[in-house]
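Peer 1: Give me coordinates for this.
(chains A, B, C and D)
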Number of protein chains: 2
Amino acid sequence: MGTATPTTRAGAVYEQIRDEILRGALQPGQRLRFADLTGRYAVSQSVVREALTRLAEQGLAVALPQQGFRVVTLSLRDLDDLTETRREIESLTFRLAVRRGDVHWESAVVAAHHVLASTAATTADGAANADWFDTHERFHQALLAGCGNDRLLDVALSLRDAAALYRHWSGHHDPARDVAAEHRAILDAALARDADLAARLLSDHIDRTSAALRPVADGHP
Amino acid sequence: MGTATPTTRAGAVYEQIRDEILRGALQPGQRLRFADLTGRYAVSQSVVREALTRLAEQGLAVALPQQGFRVVTLSLRDLDDLTETRREIESLTFRLAVRRGDVHWESAVVAAHHVLASTAATTADGAANADWFDTHERFHQALLAGCGNDRLLDVALSLRDAAALYRHWSGHHDPARDVAAEHRAILDAALARDADLAARLLSDHIDRTSAALRPVADGHP
DNA sequence: AAGCAAGAAATTGTCGATATTTCTTGAGAA
DNA sequence: TTCTCAAGAAATATCGACAATTTCTTGCTT
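Peer 2: Next comes the predicted model:
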């Protein structure tokens, strides 16, 4: 996660394909053929292969020996596992961040929330706003970043990546839910240094989002 | 984790290098040159490169652009991060296993413990017994396997891999510590389905082991 | 003796091609 | 019609080689 500036072609292609998967441009289960990708990125097979190998190890793609690579598939079972895992690990990480985060962390959280609060979740015509996904992700990453434990942070962030896949395949926003208010409450608890409350709010936030995603995952194998 | 039967050469080499790192045959920080590895495994550079790429993504190696690969380095700071992370995540996973594990899980745990209890930690001349590491690892893996959550299990096992590196570089066994008794207590708590006790015992077990490893990590950068 | 610069050697990252394996298509038999 | 099987087509895994970059060596200057 977070290769500063990819000085190698394989690294650059890795990040681009990763983005395409997380943005939903490449659909879950879709085959990733070399011929397509070498053409699209104008690099050799070896470079594409290295990128896909890394994505597979990361869990965003699947490697089937002698059958190439596919985008990872969604399933209800996996969503439930993922949700339980995130509920525990993210709230633990957040709890530590609230306890240990310094002023720099606080300011980063406030800044990320400000951008998020200023970004509309849906565009004028009611469709999902692609920018909102990014700012939302950045806010949640900022919340966790203060935990002071790189190992734990890596785990938490890679779980968020996996969840982003499900999130992008849910078109609809639950109108009965005030997500902005949830974010505001999480922010307030963090700034008030109330670790227990913060952890509980984030845990509930994850649960609610996943519940909204279950119908989506149900359609998949 | 756990590629069933590697049908591809890259997969086979990946597992062999991984084993060598975990067994300590390849030292932390050591450079992993292609020339050496292609000769040793009689495969092409591409195959070695794929194996190293996967190991790097997994965290057992580090890729430095234009400078090749190295075995991951140990540090006191990382050991502390890793210990905190494992203490939380492994005990959580174990707690779920104690709650959810079925009879099949129980029997696997009992079997793994039986093998462990029958294996001497040190050989006759006082040196560490290589077999013991394996049986010990298998026992701990069996404990976690019943958690019923593949995502969480993957995280827990990959953290154990990282910790195995530190464990192998600690030659000495603390004589004032009865590790076998700790394992027995953990087993008993699991079979008694006492999730809280089981989680606490495992948490303490991890802490004690890591404390014994700190002097080792201290020597490294 | 220490520090630096230029050149040589070694090593990596990338490419194009070959060998294998899997998938597809179509003919023939039940 | 449906199933089986064989040949051809397509795609992957692996190889060997080249070009670019880094590292090491050597010799010079201060």
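
Peer 1: need the contact list for the residue in chain A that DNA strand D sits nearest to.
Peer 2: When distances are taken as CB to the nearest atom of the strand, chain A reaches nearest to DNA strand D at A:Gly68, 3.3 Å away. For every residue, glycine as well, the C-beta is placed using N, CA and C. Counting by CB atoms under 8 Å, 6 or more residues apart in numbering or on different chains, A:Gly68 makes contact with A:31-34.

Peer 1: most surrounded residue in those?
Peer 2: Greatest neighbour count in the contacts of A:Gly68, by other CB atoms under 10 Å in any protein chain shown, goes to A:Leu32: 22 neighbours.

Peer 1: Quick check: chain neighbours aside, which residue is closest to that one?
Peer 2: A:Phe69 (4.3 Å; CB to CB, 6 or more residues apart in numbering or on different chains).

Peer 1: Name the SS class of that neighbour, please.
Peer 2: Secondary structure of A:Phe69, reduced to three states by DSSP: H, G, I helix; E, B strand; the rest coil: strand.

Peer 1: if I read this right, it contacts A:Val62, doesn't it?
Peer 2: Yes. A:Phe69 lies in contact with A:Val62 (CB atoms under 8 Å); the separation is 6.8 Å.

Peer 1: joint contacts of these two?
Peer 2: A:Ala56.

Peer 1: For those two, work out which one has more neighbours and name it.
Peer 2: Comparing A:Phe69 with A:Val62 by other CB under 10 Å, the one with more neighbours is A:Phe69, at 23 against 17.

Peer 1: residues contacting that one?
Peer 2: A:31-32, A:52, A:55-56, A:61-63.

Peer 1: and of those, the nearest to DNA strand C?
Peer 2: Nearest to DNA strand C among the contacts of A:Phe69: A:Arg31, at 9.8 Å, using CB to the nearest atom of the strand.

Peer 1: That closest one contacts A:Thr73, doesn't it?
Peer 2: No. Using CB under 8 Å, A:Arg31 is not in contact with A:Thr73; the gap is 11.5 Å.

Peer 1: can the contacts of A:Phe69 go into JSON lines with extra columns for distance to B:Ala127 and pLDDT?
Peer 2: What follows is the contacts of A:Phe69, written out as JSON lines (distance: CB to CB, whole Å; pLDDT from 0 to 100):
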{"residue": "A:Arg31", "distance to B:Ala127": "51", "pLDDT": "97"}
{"residue": "A:Leu32", "distance to B:Ala127": "48", "pLDDT": "98"}
{"residue": "A:Leu52", "distance to B:Ala127": "43", "pLDDT": "98"}
{"residue": "A:Leu55", "distance to B:Ala127": "42", "pLDDT": "98"}
{"residue": "A:Ala56", "distance to B:Ala127": "39", "pLDDT": "98"}
{"residue": "A:Ala61", "distance to B:Ala127": "43", "pLDDT": "98"}
{"residue": "A:Val62", "distance to B:Ala127": "42", "pLDDT": "98"}
{"residue": "A:Ala63", "distance to B:Ala127": "39", "pLDDT": "98"}
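
Peer 1: What strand or helix carries whichever residue of chain A sits closest to chain B?
Peer 2: Of all residues in chain A, A:Glu57 sits closest to chain B, at 3.9 Å by CB to the nearest CB. In the assignment (DSSP states H and E), A:Glu57 maps to helix A:45-58.

Peer 1: So which bits of that helix are buried?
Peer 2: For helix A:45-58, a neighbour-count test (16 or more other CB atoms under 10 Å in any protein chain shown) marks A:46-58 as buried.

Peer 1: swap in stretch A:117-134?
Peer 2: A:128, A:132-133.

Peer 1: ends of it, how far apart?
Peer 2: 12 Å (CA to CA, to the nearest Å).
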